[in-house]
Every structure is written in structure tokens, then in C-alpha cells.
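*Asks:* With the input below, show me the fold.
(chains A and B)
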Amino acid sequence: MSWTPAEPMVSIKNVHKSFGDLHVLKGISLDVMKGDVICIIGPSGSGKSTLIRCVNALNDIQKGSIKVEGIEVNDPKLDKLQLRRKVGMVFQQYNLFPHRTALQNVMMAPVRVLKQDKSIAEETARALIKKVRLEGKEDAYPGELSGGQQQRVAIARSLAMQPDVILFDEVTAALDPETVGEVLETIKDLAEDGMTCILVTHEMGFAREVADHIYFTDRGIIVEHGPPETFFQNAKDSRTKEFLSQIL
Amino acid sequence: MSYKTDLPVMLQANPHAPEPFLGLKLWHILPIGLIAIFGPGLAFAQSTNEAQSPLSVLLDWAPLLLKGFAFNLIISFCAMALGTIIGGILGLGQISLLAVTRHSSWFVTQFFRNAPWLVLLFFAMFLLPFEMNVFGFKVPFPDWLKAILGLSLPVMANVSEIVRGAVRSLPSGQWEAAESLAYTRLQTLWLIILPQCIKRMLPPWMNLYSILTMATVLASIVGVNEVMTLTGQALASEGGRPELLAPFYGFILLLFFIYCYPIARFTVWLEKKYAFIT
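*Replies:* Next comes the predicted model:
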């Protein structure tokens, strides 16, 4: 691929997506540079989750272009596995594999998919579990962990594949309030390490703190965007203002 | 987590009910004992004095009948094994991404699932040759083998549905998580989906086995030398004494009950155990 770090790592251009008659995305464009942390916010049903699920081809798009490091996602001949090695994803419902321990959840994909040596993968996995502050929980099954702990294992699992960008799909929405903080802390660590992150979130305080750029979507389009300082203080669009006044 | 499912396996069970041994309560001994003791005794009372007592006739024949019953069990093992292997493949065919595979697997499954077992057995009996030509050698194709094939057909169809249902009952998030970690579809199935399905499939699969075991007596209608056929022959050679009917058939009922009831209890126990693991 002819991609260089000077170009956007993820480039979304005029993306349209429908589920049957329901037109969910109506021409969305945004660029994410390497090391950027962007937050996508907006009311429920505005297409935020759909948008990021299109980036790793969990959903297909009908029109437009999404490029990840030069790989065109909207290409019938796309090698999805190749794309998904570059793009990690963390889900609202964690989606850990309940029949495997935390450690196995983290090291399974590197061993099976990347064909890493088992001992190396295990070493990396242990380090990642330590990084998400879950030392001592390696042998716990997901069912034995709290929501926040499960979500941190899910983040470690995604990191183990050494992705270039991670998608976070409302990762704190299903959590108890007291465990939201520990997950956000983990994501903040990643952001500080320079990981490229695309987050869909309702945590405005967090977005303001870690995001380099904020996009506000409503009814399938980007209504307004900007760096957090200007976005939160000088929102121009009436829909953005209304949303922010409800949520802040 | 809650799953959308129509499998009874996944319904919540009452965790507090105490579990007596094999689910048998004290008073259950009464009817079982009555059948065992008074069944033959009652028949004895009806019999004339010069004839041997029904109980001792039964005891004389019991070894042969037990051999016949063992044959029923062998038929059930083989039909279950065959049906499970083919049905497993058929079930995976039902979730294939290829529409042709999916639809044809679905059709075969539905066809055999909605067919009477006895009719399938007759088909296997009378449509399959009695011997086959394999590389010039004549290989006999005995009735019991045909019975196994005939009974494995409905087992296959039911296993196929069990597999499909179990896979469908897993939350789609498991597939998505695996996909986004770049697992291939085969890896996803083998490493993530199927291991989670096994425990969901086990109770309905054992239930099916129990039903199959009881259905093996159908083979008597097509002349296989299993326990019912042998019973008929034994009764005939005893001169068709009517007072022997109850003890002989009661004995067979008892054999099947002793074999199948623990399986049913174990299934219930498994269902309860797995109802809480998500």
C-alpha cells in the first residue's frame, strides 16, 4: 500500500449506509491522523455506532469510501482479515469469550491468527493484562469479573493484535457508574501512548479531556466538529447546543 | 446477559428444588414394586396348575431377552453415533454462508424431522439391497445394519436442528468479536462458537438418545432380532399362554425404564446446571 503517515490513517469520504429503507448514514466524511483521538458524539440513533462498525467492515457501506492506511474498505475484493488485523474493536457488551480465561482471551488471537509463538504470546498477554491493571485476574473467567474488569480485558485482547487504530463503541454504556472510571483511565493511558483511537461515547467530560477532535452527528450527518475547547464552548449549530445543554 | 432463544435448555430453572436420588421419592417404590412383584404373581394366579409358573418361565427366557435388549442398545449406540456425525455436519450446513448449502441442508433436515420414524425404517429396510458389491466382493447388508441406517435418519435431522439452534442461541456479539479479531469463519466456529454450544446441545442430545433407544423396538416390525421380536418368539414357543403376556412385556418395560430413566434425570440435572452459566 502506498500509505504514508503524513496521510490520514483513517479516511472516511461521503459514506452512505442504509438498512433496507432506513437511511442511517447520509454522507459522512472525516479524517483521522495517526495518533489522533477522536470522539463521535450525538443522540441515540444518529448512526455513530454504525459508522465505526463500517470502518472494520462489520457493516458494509452502499456509497462513498473508507480507507484505512490506504486499504479501501468499500471494495468487493477486500481482504477483511487483513483489514481487521490493523483495526481493533472494543464493544459495548465486552463480548469476551466466556469459555476462556482472561489470559486465554487475550492470547488466543495472536496465537491463532497471527501465528505467534505461544510463549511469546503469553508473555505479551500477561504484560497487557498488567497494563490494564488486572494483574492476578489472568486465570479468571469472564463470568467471574465485573463489567469494568471485563471491558479492560477486552481492551487488552484488542491490543494484543497490535492494531494501528482501535474503535471503541460506547464501551462504558453498559457499565456500572463506579466502574466507568477505571475503563476510561485505561483508554486515556492508550491515548497517551499515542494509539490512534476512534471513540463513540456519551462521556462528555472524558471526550473533552482526551479527544483531539470531536464530531457531533445527528440523523446521519456530521452537524458540527472541532477541537474540544471550541466545540464545547462555542457550539454554533442549534442542534449541537440543544444536545449539549441536555447532557452537560 | 439474556439470549433470544427458543431452546428449553436456556430457560431458567428453579435452583432451590432439592434433588432426591435419581429423582425417586419413597412412594415411587410402590408402583414399581407392584409391577415387579404382582405383575407375574397376578398372572400366576390366573394360570392353571399343571403349567410352569409365569415367573419361572420368564426367568428361563430372561437371558435371551437380555441379549435382545443388549442388541437394542447396540442399535441405539450406532444409530446415535451415525446420526450425530451426519447431523452435526448437516447442522453446520444450515448456518453456512453459501445459500445453496444452507437451503439444501435446511430442506433435508426438515424433511427427515417431519417424517414418521417407522416409515423411514421401512424405507431403509426395503429400499436398501440385502448385499452390496464392493470391489467385486459381495458384502452382506443385514437387517440390523439397515435398521441402524433407518433410525439414524431422524436422529440426523434432530441433531442438525440441535446444532443450528445452539449456534443461533449464542449472542451475535461473539461472532462480531471474533470477526474483529481477524479470526476466519472456520476458526470462529471451531474455537469460539462450538465450544460454547456443546453444553447447550448436551441436554437435548441426550433427550434425543433416550427417545431413540425407546424407538429401537420399532425394528421388531421389520424383523430384526431385538428384544421385542425375541419376546414374541418366546411367547409363541410357550404356546401363546395369555397369562405370560403381562410379565413378559412388563419385563421389557422395566428394562427400558431402568435404562432410560437415569438418562432423563441426568438430562434434567444438566439443564439446571447450565441454566445459570452464561
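
*Asks:* wait, doesn't A:His213 sit right on A:Glu224?
*Replies:* No. A:His213 is beyond contact range of A:Glu224, at 11.5 Å (criterion: CB atoms under 8 Å). Every C-beta, even on glycine, is put in place using the N, C-alpha and C of the backbone.

*Asks:* if I've got this straight, B:Arg265 is in a strand?
*Replies:* No. Checked against DSSP: H, G, I helix; E, B strand; the rest coil, B:Arg265 lies outside a strand; its state is helix.

*Asks:* Count the neighbours of residue 130 for me.
*Replies:* In the absence of a named chain, chain A is used. 13 (other CB atoms under 10 Å in any protein chain shown).

*Asks:* try chain B instead
*Replies:* 10.

*Asks:* And for B:Trp175?
*Replies:* 19.

*Asks:* just A:Gly205 next, same as before
*Replies:* With other CB under 10 Å as criterion, A:Gly205 counts 10.

*Asks:* same question, A:Ile61
*Replies:* 23.

*Asks:* what residues does chain A put near chain B?
*Replies:* Listed as neighbours of chain B in chain A under the rule CB under 8 Å from any CB of the partner chain: A:56, A:58, A:80-81, A:84-85, A:87-89, A:91, A:93, A:95-99, A:108-109, A:112-113, A:143, A:154, A:157-158, A:161.

*Asks:* Name the residues of chain B found near chain A, please.
*Replies:* Near chain A, when you scan chain B using CB under 8 Å from any CB, you find B:1, B:171, B:173-174, B:176-184, B:187, B:191-192, B:195-196, B:277-278.

*Asks:* Name the residues contacting each of A:His213 and A:Glu224.
*Replies:* Taking CB atoms under 8 Å, 6 or more residues apart in numbering or on different chains as the contact criterion, A:His213 and A:Glu224 have no common neighbours.

*Asks:* on contacts alone, who are the packing partners of the helix or strand of chain A with the lowest mean pLDDT?
*Replies:* Confidence across the helices and strands of chain A bottoms out at helix A:238-247, with a mean of 85, counting by mean pLDDT, DSSP states H and E. Using 3 or more CB pairs under 8 Å, 6 or more residues apart in numbering or on different chains; DSSP states H and E as the contact test, the elements touching helix A:238-247 are strand A:213-218, strand A:221-226.

*Asks:* what about burial for the residues of chain A next to chain B, which qualify?
*Replies:* A:56, A:58, A:84-85, A:87-89, A:91, A:93, A:95-99, A:108-109, A:112-113, A:154, A:157-158, A:161 (16 or more other CB atoms under 10 Å in any protein chain shown).

*Asks:* Which of those fall within helices?
*Replies:* A:Arg84, A:Arg85, A:Met108, A:Ala109, A:Arg112, A:Ala154, A:Arg157, A:Ser158 (DSSP state H).

*Asks:* can you give me the helices for chain A?
*Replies:* A:48-55, A:80-86, A:102-112, A:118-131, A:147-160, A:177-192, A:204-210, A:228-233, A:238-247.

*Asks:* and stretch A:16-33, which residues are buried?
*Replies:* So stretch A:16-33, judged by 16+ other CB under 10 Å, has buried residues A:Lys17, A:Val24, A:Leu25, A:Lys26, A:Ile28, A:Leu30, A:Val32, A:Met33.

*Asks:* tell me how far it is from the chain's mean position?
*Replies:* Computed by CA atoms, centre = their mean, to the nearest Å, the chain-centroid distance of stretch A:16-33 equals 17 Å.

*Asks:* Could I get the average pLDDT for it?
*Replies:* When pLDDT is averaged along stretch A:16-33, the result is 93.

*Asks:* roughly how far out does stretch A:9-19 sit from the chain middle?
*Replies:* 15 Å.

*Asks:* For that stretch, which outside residues touch it?
*Replies:* Contacts for stretch A:9-19 (CB under 8 Å, 6+ apart): A:3, A:23-34, A:36, A:47, A:50-51, A:54-55, A:59-69, A:164-165, A:196, A:198.
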